[in-house]
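Undergrad: My questions concern the predicted model and sequence given below.
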Amino acid sequence: MKAIVIEQYGDKEELKEKELAKPDPETDEVLIKIQAAAVNPIDWKLRYGYLKEKFPFEFPIVLGWDAAGIVEKVGEDVDAFQKGDRVFVRPELTNRGTYAEYTTAKAELLAKIPDNISFKEAAAVPLAGLTAYQCLLDVGNLDSDEKVLIHAGAGGVGSFAVQIAKDLGAYIATTASSKNVEFLKSLGADEVIDYTEADFSKELEDYDLVVDTLGGEVQEKSFEVLKNGGKLVSVVEEPDQKKADQHGVKADFHWLIPDGDELSLLAEMMEKDKLKPVVGSTFPFTEQGLKDAHELSETHHARGKIVIEIDH
Ligand SMILES: NC(=O)c1ccc[n+]([C@@H]2O[C@H](COP(=O)([O-])OP(=O)(O)OC[C@H]3O[C@@H](n4cnc5c(N)ncnc54)[C@H](OP(=O)(O)O)[C@@H]3O)[C@@H](O)[C@H]2O)c1
């Protein structure tokens with residue numbers, strides 16, 4: 001099967017097309033014929049070798065940890081899925097990712113794609129959608145009468161978080177540059193702080209929750225907008241517990257936990273038109289397509305998700 005791999009760490013020029021053996025599912029796994037994959041910042045962070053201690057994968061590494069496709073084969077212990085099902089998944093992080101024509105994944109991590117959602121849209125969901133859901137609900141415990149600040153609302157994680165918080169009924173503030181202000185209002189944000197014009201920490205106060213997708217100075221200033229007893233959840237940088245204590249707030253780092261049941265909840269929201277994946281750009285499944293997709297992701301200014309269409 002065709003795959004795009006890296007055989008050493010480095011810049012986007014390391015992305016190479018290679019012929020690999022088609023994988024065979026274990027007893028608790030499903031083989032998926034991938035129709036679309038997505039690019040996330042973790043892909044190029046891993047490609048540069050920034051995560052090599054956390055994930056000491058053997059080369060060649062197939063990057064990409066989002067897939068939408070058709071079940072081709074199921075392991076003997078799998079009964080929730082069958083050949084022909086339309087499914088999507090954030091598979092376990094291994095060196096066999098989803099820039100490939102086929103991938104295997106544990107059946108418990110999969111969910112079925114609703115009929116009103118295309119493969120392209122579905123591929124945009126698992127990694128970023130689950131991250132947003134878990135930060136808001138599993139870790140953030142957000143309630144409908146609470147206020148949440150979602151940083152980088154126009155990005156992959158942010159564009160899901162804004163819609164999920166909206167569906168819950170919470171009050172949403174988010175940060176973005178001028179070009180994304182109207183877009184974020186259309187997604188359901190109550191207040192959009194244009195970071196090129198204003199300092200969010202001077203505009204907002206008494207927030208119950210902050211979802212930090214940026215780290216650094218943004219994380220530090222975010223403590224100031226929380227009310228006493230509020231919470232910051234970061235997906236980029238371990239928060240400083242001393243600073244959290246000084247502000248009388250809680251602070252956690254969260255690493256996404258792949259989960260098929262939660263992905264099914266997102267599928268239900270999409271089926272009811274309460275959640276719409278924002279596919280900001282699409283690239284072909286070629287070396288050049290992946291290089292261009294990585295280049296865009298590395299700008300930190302892609303809108304919504306970057307999707308790769310995989311033709312067979
Ligand atoms: N821990 C985990 O499990 C986990 C899971 C998913 C993601 N992450 C991490 O979370 C981060 C965000 O991921 P993502 O997929 O959402 O990234 P992304 O899609 O690449 O984010 C791009 C967005 O960030 C916005 N942005 C850039 N600088 C900003 C600023 N100073 N203030 C407000 N918005 C800004 C841009 O909007 P403008 O163009 O308007 O600036 C753009 O729309 C990444 O570092 C990723 O690795 C971690």
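TA: Structure received. The structure displayed is predicted, hence computed values, not measured ones.

Undergrad: all helices of the chain, in order?
TA: When secondary structure is read from DSSP state H, the chain shows helices at 41-48, 119-123, 126-133, 156-168, 181-187, 200-203, 216-222, 241-247, 260-271, 287-298.

Undergrad: and whichever residue of the stretch 51-200 of the chain sits closest to the ligand, what does it touch?
TA: Of all residues in the stretch 51-200 of the chain, G155 sits closest to the ligand, at 2.5 Å by CB to the nearest ligand atom. (C-beta placed from N, C-alpha, C; glycine too.) Shown in contact with G155 (CB atoms under 8 Å, 6 or more residues apart in numbering): T213, A302, R303, G304.

Undergrad: Can you tell me which of the residues you listed has the largest number of neighbours?
TA: The member of the contacts of G155 that has the most neighbours, counting by other CB atoms under 10 Å, is T213 with 26 neighbours.

Undergrad: Does it touch G158 like I think?
TA: Yes - with contact taken as CB atoms under 8 Å, T213 and G158 are classed as touching, separated by 6.0 Å.

Undergrad: For E92, the count of nearby residues, please.
TA: E92: 12 neighbours (other CB under 10 Å).

Undergrad: circling back to that earlier point, list residues touching both of T213 and G158?
TA: For the pair T213 and G158, residues contacting each of them under the criterion CB under 8 Å, 6+ apart are I150, H151, A152.

Undergrad: What parts of the chain come near the ligand?
TA: Residues of the chain found near the ligand (CB under 6 Å from any ligand atom) are 40-42, 127-128, 131, 151-152, 154-158, 175-177, 180, 195, 213-214, 235-236, 254-256, 297, 300-303.

Undergrad: In ChimeraX, how would I select just the buried ones from those residues?
TA: The following ChimeraX line selects those of these that are buried, judged by 16 or more other CB atoms under 10 Å:
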select :40,41,42,127,128,131,151,152,154,155,156,157,158,175,176,180,195,213,214,235,236,254,256,297,302,303
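
Undergrad: Among the residues of the chain next to the ligand, which are located in strands?
TA: When strands are assigned by DSSP state E, the members of the residues of the chain next to the ligand inside them are T175, A176.

Undergrad: circling back: take the shared contacts of T213 and G158 and lay them out in JSON lines including pLDDT.
TA: Supplementary listing: the shared contacts of T213 and G158 in JSON lines, determined by pLDDT from 0 to 100:
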{"residue": "I150", "pLDDT": "99"}
{"residue": "H151", "pLDDT": "98"}
{"residue": "A152", "pLDDT": "98"}
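
Undergrad: Quick one: residues contacting the residue nearest the centre of the chain.
TA: Nearest to the mean C-alpha position of the chain, counting by CA atoms, centre = their mean, stands A128 at 1.6 Å. Residues near A128 by CB under 8 Å, 6+ apart: A38, N40, D66, G156, V157, S159, F160, K305.

Undergrad: Now tabulate those in JSON lines and tack on distance to E76 and pLDDT.
TA: JSON lines is the format used below for those (distance: CB to CB, whole Å; pLDDT from 0 to 100):
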{"residue": "A38", "distance to E76": "30", "pLDDT": "98"}
{"residue": "N40", "distance to E76": "32", "pLDDT": "98"}
{"residue": "D66", "distance to E76": "27", "pLDDT": "98"}
{"residue": "G156", "distance to E76": "36", "pLDDT": "98"}
{"residue": "V157", "distance to E76": "36", "pLDDT": "98"}
{"residue": "S159", "distance to E76": "39", "pLDDT": "98"}
{"residue": "F160", "distance to E76": "35", "pLDDT": "99"}
{"residue": "K305", "distance to E76": "34", "pLDDT": "98"}
